[in-house]
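Participant: show me how the following folds:
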Amino acid sequence: MLLSVDVGTSFCKACLVNEKGEIYAQEKHPYRINLEGRKAEIHPDTVWQVVANTIQALLTAHPVGRILGVGISTLLGYVFLDSEGKPVRPAILYLDTRAEEECLKAIQREELSSRFLRTGRRLTPELLAAQLRWIQIHEGEYMARIHRVLGLKDYLVLQLTGELGTDFAHVNYSGLYDVEDNQFDPVLLSWIDLKEEVFPPCVYPYEVAGSVQKSASDVTGIPTGTPVIRGSTDGTTAMYGGGIAELGTAVWVSGTTDVCMCLHSHPIPDPSRILSQNTGMIPGTFALGGATGLSGGTLQRLVDLFALKLEDLIPSVPSIPPGSEGLFFFPGLAGERSPYWNSSARGAILGWRMEHTAPHFLRAWIEGSTYRVFRILQALKSNGVKVQTLRIAGGGAAWDAVNQVRTDILGIPLKRVSQREGTIVGVALFIAVGIGLFPSLSAGSKEWIRIEREYSPDLEKTSVYKVLFHQYEKLFFRLYERSIS
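Facilitator: Just a heads-up that it's a prediction; the model follows:
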């Protein structure tokens, strides 16, 4: 068995996955992020305790003869350690937007703005560079004590193995890393007054980071000496769990946030800077696309606030016409990431009339969330990246009626993978490659990732949605006084 752990926005999930890529057993424990205003933090040791308890509960309920390897994925977040390896302050998560002013000031400096272009993404508050600048200005006493910076996932691997390290996704999302030249940018490091040595060695997520040490074995139940792979962020991991391992194949992971990316042989200019461009986990490739603002997270908030029963509402979605009879839903409750990159944008509903019902709101949510992915795919196409196949995975991929609306908007077939736990399967795939079950991610993907259902667009509705999409963007830019240049 392979032990896959996924630490998401609200839950930690630990799963046993067999050598066919099938989930054998799972355990799920909740935890709470400190969300207050623009702040999003959690103490790393709190996360470690939740992870250890979840793993222990899983292995107690489902004892297995042998665990071949362990892997962990987490939401994007960073941990700051002192010279003794202890956290200096709570970890800062991607939902944190306190560094918006630091971003605005930095991009106005010519000597910095040209450097940010080479990082493969816009400078936004979610990135480590902006967060470190914020700490430097507002928490100077903490900044002086920072000896090491690593991902939240890497802190958990440190607790398991005692080994420091990180992966390419975490350095890509630092906003300090030159993606094309594969190195930290010295000018950007100087801006935050840190040396490259602050960051641990960087490897691919399927490489073995070390083995489970006794202290970790005592609290998790994982046998001492079990191999632990380096792992990656949840969005990156889910891409490979959805089958992105071939050029021209895009994967849309529908979850708390949506992520849509495609492998390509080289970076692209992207003059509008809509896309993120990451080091591909298959050597010689780049992953192009983006992570959006909240999507499923916004829907879940509606469900919680108004006690909605989605299982009763979903069958009514096809009865609502395209455009939801004038209702527009902007789902970015915590700010917009790709493709609109506006951390100040917040959720909004426009056009609400007396005749609108709950299914109208649900369909408008589907449409608003899908328009972002449509814009990402358009940006890929306009930059010469040909998407030959689009797969969908994640918890939000479960509903046929929802997926049909999505494919009608996009105007291309949508293929749902059979195993929708994209992050868990992605972690297991990294483990399988790391311990030698597969020679490569491509080989493992071909073996494990299977298509469950394909949705074909109604092209008449697609033509209607082209008009509605432009109306949606016009309203968005009017609301937030920002346009894509």
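Participant: return the set of buried residues in the longest helix anywhere in the chain.
Facilitator: When the chain is parsed with DSSP state H, its longest helix is helix 358-382. Residues 359-377, 379-380 are the ones in helix 358-382 that count as buried (16 or more other C-beta atoms under 10 Å). No exception for glycine: its C-beta is placed from N, CA and C like everyone else's.
Participant: give me the helices and strands touching that helix, please.
Facilitator: When contacts are defined as 3 or more C-beta pairs under 8 Å, 6 or more residues apart in numbering; DSSP states H and E, helix 358-382 sits against strand 249-254, strand 257-264, strand 286-294, helix 296-306, helix 310-313, strand 328-330, helix 400-410, helix 459-480.
Participant: other SSEs contacting the second one?
Facilitator: It refers to strand 257-264. Contact partners of strand 257-264 among helices and strands, from 3+ C-beta pairs under 8 Å, 6+ apart: helix 234-241, strand 249-254, strand 286-294, helix 296-306, helix 358-382.
Participant: run the last query once more with 6 Å
Facilitator: Packed against strand 257-264, as judged by 3 or more C-beta pairs under 6 Å, 6 or more residues apart in numbering; DSSP states H and E, are the following elements: strand 249-254, strand 286-294, helix 358-382.
Participant: what's the first one packed up against?
Facilitator: I take that to be strand 249-254. Strand 249-254 packs on strand 257-264, strand 389-393, going by 3+ C-beta pairs under 6 Å, 6+ apart.
Participant: give me that answer again for 8 Å
Facilitator: Judged by 3+ C-beta pairs under 8 Å, 6+ apart, the packing partners of strand 249-254 are helix 234-241, strand 257-264, helix 358-382, strand 389-393, helix 422-434.
Participant: need the contact partners of the first one.
Facilitator: In other words, helix 234-241. Residues outside helix 234-241 that contact it (C-beta atoms under 8 Å, 6 or more residues apart in numbering) are 6-8, 73-76, 169, 205, 231, 251, 253, 255, 257, 259, 261, 278, 281, 287, 291, 393-394, 419, 421-430, 441, 445, 449.
Participant: who's in contact with the closest residue to residue 352 other than its chain neighbours?
Facilitator: In space, and not counting its chain neighbours, residue 352 is closest to residue 327: 6.3 Å by C-beta to C-beta, 6 or more residues apart in numbering. Listed by C-beta under 8 Å, 6+ apart, the contact partners of residue 327 are 349, 350, 351, 352, 353, 356, 360, 361, 363, 364.
Participant: the fifth one contacts residue 326, correct?
Facilitator: Yes. Between residue 353 and residue 326 there is a contact at 6.7 Å, judged by C-beta atoms under 8 Å.
Participant: how does the protein divide into domains?
Facilitator: What automatic domain parsing lists as the domains of the chain is 2-232, 242-417+450-480.
Participant: what's the first-to-last distance across the longest one?
Facilitator: If I follow you right, that is domain 2-232. 16 Å (C-alpha to C-alpha, to the nearest Å).
Participant: can you give me the helices in the stretch 101-250 of the chain?
Facilitator: For the stretch 101-250 of the chain, the helices defined by DSSP state H, counting those that start in this stretch cover 110-116, 128-138, 140-143, 152-161, 168-172, 186-191, 214-220, 234-241.
Participant: how far away is the closest residue to residue 279 other than its chain neighbours from residue 125?
Facilitator: Using C-beta to C-beta, 6+ apart and skipping the chain neighbours, the partner closest in space to residue 279 is residue 168 (4.0 Å). Distance of residue 168 to residue 125, given as C-beta to C-beta, to the nearest Å: 22 Å.
Participant: quick one on the thing from earlier: for the helices and strands packed on helix 358-382, which one sits closest to residue 173?
Facilitator: With C-beta to C-beta, the closest approach to residue 173 among these belongs to strand 286-294: 9.4 Å.
Participant: show me what that closest one is packed up against.
Facilitator: helix 234-241, strand 257-264, strand 276-279, helix 358-382.
Participant: which among these is found nearest to residue 247?
Facilitator: Of all those, it is strand 257-264 that lies closest to residue 247, at 5.2 Å by C-beta to C-beta.
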